[in-house]
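**Q** Just need the structure, nothing else, for what follows:
(one chain, ligands or ions: 1)
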Amino acid sequence: MRYGASNTAEAVNSAFLFIFITCVALLALITCLMIAFVIKYHHSRHTQVVNIKGNAALEVIWTVIPTILVLIMFYYGVAGFRVMRVGPANAFQVHVTGRMWSWLFTYKNGIQSDTLKIPVDTTIKTVISSQDVLHSFFIPAFRIKQDAVPGRENHLYFKAYRVGSYDVMCAEFCGLRHAYMLSKVEVMPKQAFFDWYAKNKPKELPKVKPGASRTAQLAARGAQLVQLKGCTTCHSADGSKKVGPSFKGLYGSMVTVATRGKTRTVTADDAYLRRSILEPGADVVKGHLNIMPSQKGLLTDEEAESLIAHIAGLKGGKAEQ
Ligand SMILES: [Cu+2]
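**A** Next comes the predicted model:
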């Protein structure tokens, strides 16, 4: 019989349920005995103090029974741990990357997504890592939580039992917008999932109007990338200030930056934007902290170009700083 949203939830729930029921039973037993003894051995009924010298049978009982209970708890713990750590070789693999402050899911065929789409009833092997600081990949409904550590890959297996949408969180305080590191696991029917998986062409530029210019195509791709690459957690497109400056009206405007400690004013052209994205520490925008993660090695040339084309398209309005 299955219960819970996944095999991991089932394992953790059984361990929890066993411990909980044992505790409640013991609490009830001990409380009842205590009350019974208070009444039975009240001093009005027992005027004479008795010296009791051990009871072998009782001692064996209260050693053996708790030992068995604890061993059962241990069994549930190990069994549940194995469900999470050991999986079949043909498990469906997804890379999970934590970064300030969003999750990125990368599939074997190159698809990248900011929500975790998976097929139901299929063992998933997540390979968990981080781009910057410590994060923790947490799916409460599946009862799983695993640290995302830079420079290291942690593995976690699970199998979802029910189609549906579940929360993904970060459970390791990772900076300013840690609490907003939310995403979803979408458990899909197998057929629907593999259709999506086969159809989604990760490296293809999106189709804009037929005959649209390459710049328009790049800008459309850029609009997807700001979401996928996690730029939107720190940058808005409507002029409002987040952790970083807004992209609105940025292109072509004059920006005051600190370059190696010296304040100067530069024009936000293609070269400046490229540098800001690949080496954010080179020119730090005035009024902001130097905390943008470098995108060097994380973006292809075409992706960088797309992001710049997208930002260039967000003219209008004065850039807020
Ligand atoms: Cu985090």
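**Q** Test for you: state the pLDDT assigned to the residue most central in space within the chain.
**A** With distances taken as CA atoms, centre = their mean, residue 137 lies nearest the centre of the chain, 3.4 Å away. Per-residue confidence (pLDDT) for residue 137: 96.
**Q** now residue 321
**A** So, for residue 321, pLDDT stands at 32.
**Q** Run through the residues of this protein sitting next to the ion.
**A** Counting by CB under 5 Å from the ion, the chain comes close to the ion at 135, 170, 174, 181. C-betas here are computed from N, CA, C, even on glycine.
**Q** So what sits opposite the second one in the bridge?
**A** Legend: beta-bridge partners of residue 170 under DSSP bridges are residue 137.
**Q** dump the residue contacts of it.
**A** 98, 101, 103, 135, 136, 137, 138, 178, 181 (CB atoms under 8 Å, 6 or more residues apart in numbering).
**Q** Once you drop chain neighbours, what's closest to the third one?
**A** The one in question is residue 103. Among residues not flanking residue 103 along the chain, residue 183 sits closest, at 4.6 Å (CB to CB, 6 or more residues apart in numbering).
**Q** next one: the fourth one
**A** Of all residues not flanking residue 135 in the chain, residue 98 sits nearest, at 3.1 Å (CB to CB, 6+ apart).
**Q** For that neighbour, give me its contacts.
**A** 128, 129, 130, 131, 132, 135, 136, 137, 148, 170, 174, 181.
**Q** Can you tell me the element it falls in?
**A** strand 92-99 (DSSP states H and E).
**Q** mind saving the C-alpha coords of that strand as PDB?
**A** The C-alpha coordinates for strand 92-99 follow below in PDB (Å, rounded to 0.1, in the frame of the first residue of the first chain):
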ATOM      1  CA  PHE A  92      15.900   9.500 -14.800                       C
ATOM      2  CA  GLN A  93      18.600  12.100 -14.100                       C
ATOM      3  CA  VAL A  94      18.200  15.800 -13.500                       C
ATOM      4  CA  HIS A  95      20.900  18.200 -12.400                       C
ATOM      5  CA  VAL A  96      19.700  20.700  -9.700                       C
ATOM      6  CA  THR A  97      21.700  23.900  -9.300                       C
ATOM      7  CA  GLY A  98      21.200  26.300  -6.500                       C
ATOM      8  CA  ARG A  99      22.200  29.900  -7.000                       C
END
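**Q** Note down every partner strand of the helix or strand just after it and its orientation.
**A** Next in sequence after strand 92-99, counting helices and strands by DSSP H and E, comes strand 102-107. According to DSSP bridges, strand 102-107 forms sheet pairs with strand 92-99 (antiparallel), strand 112-113 (antiparallel).
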